[in-house]
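Engineer: What shape does this take:
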Amino acid sequence: FCVFHSLSLRVFYAILNDKRHELKQSKEDERIDKKMTVDQVFIIKKLQNLDEMLVAYSAVTRMPFAICDDESFNDQVWIFTDQDKLKTFAEKYKEEKKLILPVKVQKKDASMFYMNLFAMGINEVVFCDGDQENKIELTKIVRMPDVDALPENRKPILNPQLQLSAAYFLQELRKPGVEPDREALKDLEEEMSANLARSTYLMPVDVEKDEEGKENVRLLYVQNKKGERYQPIFSDTGELVKHYRGKEVQNRLIQVRFDQLSRYMIKDVQGYVLNPEGINLILRTQQIELLNSYYNGKKETQKPEEN
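Structural biologist: Numbers count the residues shown, from 1 in each chain. A predicted model of the protein is given here:
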């Protein structure tokens, strides 16, 4: 009994010491977590208060350069305070034939910039301050508007899955001086194509009233250097604003699903151009018909909604 009792006490004290060690370690971990939280709050405040930040942009999409993190699989954009650090970052991707440009974002434009990141499908920012790389959730920098709480007729058109899949595909496809390997890009192209076919777009139209007050709707087009005409459509209001920035226009907007695009095509145009000031993605008539046939089956004829 005494031997058993002695062993039991030794086991008891060993367990107690283990528990004390675990508690001490837990408190130490909690202290580290609190310190990390305090440090991150400081870093976020510094980012929010920058008079100017440098953002890595893709030269081929004219959007922030998107990266999928290898470990977390978060979709990231990179922000810098130092021009040389951004140049070093860009040089690394230059070897992969991915051209990155520095774009300055002023403090007054920061809120719109972050809102556009939401619309692009980005969920994390890598803030490079000197030699420190800080990964920050986008929702910790700026609050995402609760669009679900809005009435159905006031909800904005957003296509983050489309924007993000198009960015990843086109960053690979449009490498200068490189013949694209379509087989290697097959999965990326498939994802973008599926998102194209399931999305709803903003289409600007010009509305004029005649002498009797009757409204006449005129569909708009843009023309490239080759003389080809395309009707502009937009994935969200941010892309639309970029296209019409500095122009005095009073166009009306209608919401058009992908399977309705063929119905609104003007005679003598080659198709549509999605986000002319961004990804500038050409959708020719035949491509639209093929995507509709593959993803949507029978075309719908429902009247589009007006904004």
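Engineer: Which parts of this structure are strands?
Structural biologist: With strands called from DSSP state E, the chain shows them at 52-58, 67-68, 75-80, 100-106, 124-129, 132-137, 200-209, 215-219, 222-223, 229-233, 252-257, 271-274, 281-284, 305-306.
Engineer: residue ranges with poor pLDDT in the stretch 101-250 of the chain?
Structural biologist: 246, 248-250 (pLDDT under 70).
Engineer: The same query, at a cut-off of 80, please.
Structural biologist: 145-148, 152-153, 208-215, 246-250 (pLDDT under 80).
Engineer: so which of the strands of the chain comes closest to R263?
Structural biologist: With respect to R263, and counting by C-beta to C-beta, the nearest of the strands of the chain is strand 252-257 at 8.5 Å. Using the backbone N, CA and C atoms, a C-beta is placed for each residue, glycine as well.
Engineer: Partner strands of the closest one, with direction?
Structural biologist: The strands beside strand 252-257 in its sheet (DSSP bridges) come out as strand 200-209 (antiparallel), strand 305-306 (antiparallel).
Engineer: Relative to N153, which of those is closest?
Structural biologist: Once these are compared by C-beta to C-beta, strand 305-306 is nearest, at 7.8 Å.
Engineer: Could I get the average pLDDT for that closest one?
Structural biologist: Strand 305-306 carries an average pLDDT of 48.
Engineer: so what's L196 up against?
Structural biologist: For L196, the contacting residues are 162, 166, 258, 274, 283, 291, by C-beta atoms under 8 Å, 6 or more residues apart in numbering.
Engineer: The same query, at a cut-off of 10 Å, please.
Structural biologist: Applying C-beta atoms under 10 Å, 6 or more residues apart in numbering to L196 gives the contacts 159, 162, 165-166, 235, 258, 274, 281, 283, 287-288, 291, 295.
Engineer: Save those residues as CSV, and put in distance to S58 and neighbour count too.
Structural biologist: Output for the contacts of L196, formatted as CSV (distance: C-beta to C-beta, whole Å; neighbours: other C-beta atoms under 10 Å):
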residue, distance to S58, neighbour count
N159, 18, 25
L162, 16, 29
S165, 14, 22
A166, 11, 30
S235, 16, 27
F258, 24, 24
L274, 16, 24
L281, 14, 19
L283, 20, 19
Q287, 23, 14
I288, 25, 19
L291, 24, 18
Y295, 26, 15
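Engineer: ok, the most centrally placed residue in the chain to M192 distance?
Structural biologist: With distances taken as C-alpha atoms, centre = their mean, the residue of the chain nearest its centroid is M120 (1.6 Å). M120 sits 14 Å away from M192, going by C-beta to C-beta, to the nearest Å.
Engineer: Same check on L291?
Structural biologist: Applying C-beta to C-beta to L291 and M192 gives a distance of 10 Å.
Engineer: Please apply the same query to E137.
Structural biologist: 25 Å.
Engineer: So between these two, which is more surrounded?
Structural biologist: Neighbours per residue (other C-beta atoms under 10 Å) separate E137 from M192, with M192 holding more: 24 against 12.
Engineer: Thought L283 was touching that one, still the case?
Structural biologist: No. Counting by C-beta atoms under 10 Å, M192 stays clear of L283, with 11.4 Å between them.
Engineer: Just give the closest residue to D268, not the sequence neighbours.
Structural biologist: Excluding its sequence neighbours, the residue lying closest to D268 (C-beta to C-beta, 6 or more residues apart in numbering) is R229, at 6.6 Å.
Engineer: before we move on, the earlier item: take the strands of the chain and lay them out in a markdown table including distance to R182.
Structural biologist: Putting the strands of the chain into a markdown table (distance: least, C-beta to C-beta, whole Å) gives the following:
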| stretch | distance to R182 |
| --- | --- |
| strand 52-58 | 20 |
| strand 67-68 | 21 |
| strand 75-80 | 24 |
| strand 100-106 | 24 |
| strand 124-129 | 30 |
| strand 132-137 | 33 |
| strand 200-209 | 26 |
| strand 215-219 | 33 |
| strand 222-223 | 28 |
| strand 229-233 | 23 |
| strand 252-257 | 28 |
| strand 271-274 | 20 |
| strand 281-284 | 16 |
| strand 305-306 | 36 |
